[in-house]
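Chemist: Predicted model, plus sequence, below.
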Amino acid sequence: MFTVDIDTGGTMTDALVSDGARRHAFKVDTTPHDYTVSFLACLQEAASALGDGSVERFLRDVSLIRWSSTITTNVLGERRGSKVGLLVSEGHEEDLYGKSRSPIVGELVPDGAIIGLPARPSATDVLSGVKELLEAGVRRICVCLSDAFPDNAAESAIKAVVEDQYPDHIIGAVPVLLGSEMAALRHDQTRAHYSVMNAYTHAQLANSLFKAEDLLRDDHGWNGTLLIGHTNGGVARIGKTKAVDTIESGPVFGTFGGAHMAHVYGLRNAVCFDVGGTTTKASVVRDGAPVYQRGGELMGVPVRTSFAMLRSAVVGGGSVARVRRGSVGLGPESMGAAPGPACYGLAGDQATLTDALLVLGYLDPANFLGGRRTLRADLAAAAIEKHVARPLGVSIDVAALSVRDEAVAMMAELVGNILYEGRIDAAETPLFAFGGNGPMFAAFVAEKLGMPAAYAFNLGPVFSAFGSAISDVVHSYERGLDLIWDDHAGKFLTPTVQAMRTQAARDLRGEGFDPVQARYTWELDFGPTESEITTVRAESADPQTEAVISALARAVDHARQSSQPLIALRLATRHAVGSFDIGRRTDRVATQHPGQREVRFTASARERVAVHRWEELNVGSVIDGPAIVNGATLTCPVPAGWRLGVDEYGNAQLQRI
């Protein structure tokens, strides 16, 4: 039986199909007007490649589908979500319990769509506020009161009043979300921000997920398990997924894939460098695990939760290049998959980074995306000449090199910043390059930052789908605390642990998984303030409350955190589904004599260099730069002073000579 992992990005949608031994990778253009179109296109590609013909026949051999995406991220970034209204405690309509005006006011929540309620609002107060919001066109209402956690009785009472007046069976019903249920924390502003982000993105994500589920069941007769990728690196069913759970889930899976490969190679640290058609993402693997941060900005919104340390730059293959004030600029505009770069020949007339790379000789115009598309070098050169070379008064080659160098500078700045933020040394840290364009820039960025090596993966174009393929079903729970760890802490923690354990078991059973087979990880956050936090972790094979308290006590003792304020308790449950073995490469292929092509690496001149086919290289093959490696799954320039070798896993390792 096959498992299918699909990752929907801004430009391309990737799929990885595996039966545990064999693996097949596919890419299709993302369809932003309806993400289920590209979702089903991946299944059709798999069906055709594996000889099944129809999606329905292919799905008979599929046990599990996991789908990660940037749908929620895109809705937030492009500001095209639902119109949300907010009921808050009077006096906090602007700051949302922060020290200044909240950045979501006027952005995710329109000015005038936030109503302040008195300390003990009457039904009339509540309904008057709701009426005002509905008349303003609000379609979802969040209730976020101060001090509403852990006791959320006041928020629940307001929800009851609204639902009594607007029951869900009438057309005028409006969904009501409670901040205390969106983020179980004492931090008032985080609850407000999380509830609004969830309400703002819910409809667009839900429409895509439920439509995909309906199409699989009704059109193709498949009743298997569809699991959705979450930001925590796990997956869960649609019924256990909130929109905010999925923010940046696709790129986060790339980081988990990087952590897996760091373990395979015996590396402690690595920087994950994911370059796609629209954006570049950077994240950190430290001590063998993805780095998560406690508090900060999530998609530009300040929160005090834990989320992956993932940073972005708006630069990718489709980024538009133009001259601004006498120098080359890239983005933030992108030509996407359609019409795409000028070289696609689909009526795109803007110069893009991909056009520049084609002009420089790095791309094989006849074998782009594995031969799925033929590139037009003449159109690329014309676009670069018109939009970059002529305004700068330079040759087309020099203009294309300027575009490449601007991309490298932007990417190096992104990676350099996350090296600093992740507290790891560039000189001792390799770069893990993936995504459709990651290997293209691996050596250039590593060189600029003084990094010793770069890895480019055979599964690089679908690396986030690979991260999904090794994921488990994960449920995460968090409860804010306000007590000191002492001899009596266990007694006070017992009801909280009991409630979280009961909820976790119920959720797992509801998804058809046995709670006894799950792994339970508990974390306690200590610190005098929420910005100075120490975390202790305890694994408990026995989920019973007494065993959990004992495991936590041992962890606290070991970390010497007794008598410190307890801020939060978290639980993560993991249940394995499917399997994926990266495996060592054992096949050998016939190696042909490399071709040659004129390439521009430096400002001095073009040079004729060897061009190797990636699919014709074997384990142990070594290539010294300057050279080019082109293939269906990996395109990688090898500059002078660098060497590319193929390792036992069939991946490329770039080292300084």
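Modeler: Perfect, thanks for sending it.

Chemist: I'd like the distance between the closest residue to Arg585 other than its chain neighbours and His260.
Modeler: Spatial nearest neighbour of Arg585, excluding adjacent residues (CB to CB, 6 or more residues apart in numbering): Gly650 at 3.7 Å. For the C-beta atoms, the positions are set from N, CA and C on the backbone; glycine is no exception. Relative to His260, Gly650 is positioned 15 Å away (CB to CB, to the nearest Å).

Chemist: quick one: what helix or strand has Arg509 in it?
Modeler: Using DSSP states H and E, Arg509 falls within helix 489-510.

Chemist: which outside residues touch the very next helix or strand once past that helix?
Modeler: Past helix 489-510, further along toward the C-terminus, the next helix or strand under DSSP H and E is strand 519-529. Counting by CB atoms under 8 Å, 6 or more residues apart in numbering, strand 519-529 makes contact with 294, 485, 497, 501, 504, 533-541, 543, 548, 551-552, 555-556, 561, 564-575, all of which sit outside it.

Chemist: Just checking: what are the partner strands of strand 519-529?
Modeler: Here strand 519-529 has these sheet partners by DSSP bridges: strand 532-539 (antiparallel), strand 565-575 (antiparallel).

Chemist: next one: it to chain centre, how far?
Modeler: 24 Å (CA atoms, centre = their mean, to the nearest Å).

Chemist: can you give me phi and psi for the residue of the chain positioned farthest from its centre?
Modeler: Of all residues in the chain, Thr124 has its C-alpha farthest from the mean position, at 43.4 Å, by CA atoms, centre = their mean. Phi and psi for Thr124, reported as degrees, to the nearest 10, are phi -60, psi -40.

Chemist: what's the pLDDT at it?
Modeler: Each residue has a pLDDT score; the one for Thr124 is 97.

Chemist: Kindly report the same for Ser604.
Modeler: Per-residue confidence at Ser604 stands at 83 (pLDDT).

Chemist: For it, grab phi and psi.
Modeler: phi -70, psi -60.

Chemist: Show me the contact partners of the lowest-mean-pLDDT helix or strand in the chain.
Modeler: Counting by mean pLDDT, DSSP states H and E, the weakest-scoring helix or strand in the chain turns out to be strand 532-539, with a mean of 76. By CB under 8 Å, 6+ apart, the surrounding residues in contact with strand 532-539 are 294, 519-527, 548, 551-552, 554-556, 558-559, 561, 564, 567.

Chemist: ok, back up a step: filter the contacts of strand 519-529 down to just the buried residues.
Modeler: Those of those that meet the buried threshold are 294, 485, 497, 501, 504, 533, 535-536, 538, 540, 543, 548, 551-552, 555-556, 561, 564-575, by 16 or more other CB atoms under 10 Å.

Chemist: Surely Ile384 is within a helix?
Modeler: Yes - secondary structure assignment (DSSP: H, G, I helix; E, B strand; the rest coil) places Ile384 inside a helix.

Chemist: Contacts only, for it.
Modeler: With contacts defined as CB under 8 Å, 6+ apart, the neighbours of Ile384 are 321, 351, 355-356, 359, 396, 399-400, 403.

Chemist: The residues you listed in strands, which ones?
Modeler: Under the assignment DSSP state E, the contacts of Ile384 contribute Ala321 to strands.

Chemist: Tabulate the contacts of Ile384 in CSV, adding columns for neighbour count, distance to Phe463 and pLDDT.
Modeler: Compiled in CSV, the contacts of Ile384 are given as follows (neighbours: other CB atoms under 10 Å; distance: CB to CB, whole Å; pLDDT from 0 to 100):
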residue, neighbour count, distance to Phe463, pLDDT
Ala321, 28, 26, 96
Ala351, 33, 28, 96
Asp355, 35, 25, 97
Ala356, 35, 24, 98
Val359, 27, 27, 97
Ile396, 21, 33, 96
Ala399, 25, 31, 97
Ala400, 30, 27, 97
Val403, 27, 25, 97
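
Chemist: In the stretch 451-600 of the chain, where is pLDDT below threshold?
Modeler: Along the stretch 451-600 of the chain, the model assigns pLDDT under 70 to residues 527-533, 541-543, 558-563, 579.

Chemist: Grab the CA positions of stretch 190-199 and hand them over as PDB.
Modeler: The C-alpha coordinates for stretch 190-199 follow below in PDB (Å, rounded to 0.1, in the frame of the first residue of the first chain):
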ATOM      1  CA  THR A 190      -2.000  36.200  22.800                       C
ATOM      2  CA  ARG A 191      -5.500  34.900  23.200                       C
ATOM      3  CA  ALA A 192      -6.900  37.800  21.300                       C
ATOM      4  CA  HIS A 193      -4.400  37.600  18.500                       C
ATOM      5  CA  TYR A 194      -4.700  33.800  18.100                       C
ATOM      6  CA  SER A 195      -8.500  33.900  18.000                       C
ATOM      7  CA  VAL A 196      -8.600  36.600  15.400                       C
ATOM      8  CA  MET A 197      -6.000  34.800  13.200                       C
ATOM      9  CA  ASN A 198      -8.000  31.600  13.400                       C
ATOM     10  CA  ALA A 199     -11.300  33.300  12.600                       C
END
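
Chemist: which outside residues touch that stretch?
Modeler: In this structure, residues lying in contact with stretch 190-199 by CB under 8 Å, 6+ apart are 76, 82, 84, 86, 88, 96-97, 102, 104, 108-109, 140-144, 148-149, 175, 177-180, 182-183, 185, 242-244, 247, 298-299, 301-305.

Chemist: Now, the residues you listed that are in helices?
Modeler: 76, 179-180, 182 (DSSP state H).

Chemist: And Glu213, its phi and psi?
Modeler: Dihedral angles phi and psi of Glu213 (degrees, to the nearest 10) take the values phi -60, psi -40.

Chemist: show me the contacts for it.
Modeler: Each residue near Glu213 by CB under 8 Å, 6+ apart is listed here: 226, 238.

Chemist: Swap in 6 Å and give it another go.
Modeler: The neighbours of Glu213, taking CB atoms under 6 Å, 6 or more residues apart in numbering as the test, are Leu226.

Chemist: And stretch 421-431, end to end?
Modeler: Stretch 421-431 has its terminal residues 16 Å apart, counting by CA to CA, to the nearest Å.

Chemist: Can you pull out the residues in contact with that stretch?
Modeler: The contact list for stretch 421-431, computed with CB under 6 Å, 6+ apart, reads 269-271, 273, 284, 286, 291, 419, 442, 446, 449-451, 453-454.

Chemist: Now do the buried residues in it.
Modeler: Residues of stretch 421-431 classed as buried: 422, 424, 426, 429-431 (neighbour count, 16+ other CB under 10 Å).

Chemist: where along the stretch 301-450 of the chain do the helices fall?
Modeler: Using DSSP state H, counting those that start in this stretch, the helices of the stretch 301-450 of the chain run over residues 353-359, 377-384, 390-392, 396-421, 438-449.

Chemist: Now find how far off-centre the first one is within its chain.
Modeler: What that stands for is helix 353-359. Relative to its chain's centre, helix 353-359 lies at 26 Å (CA atoms, centre = their mean).
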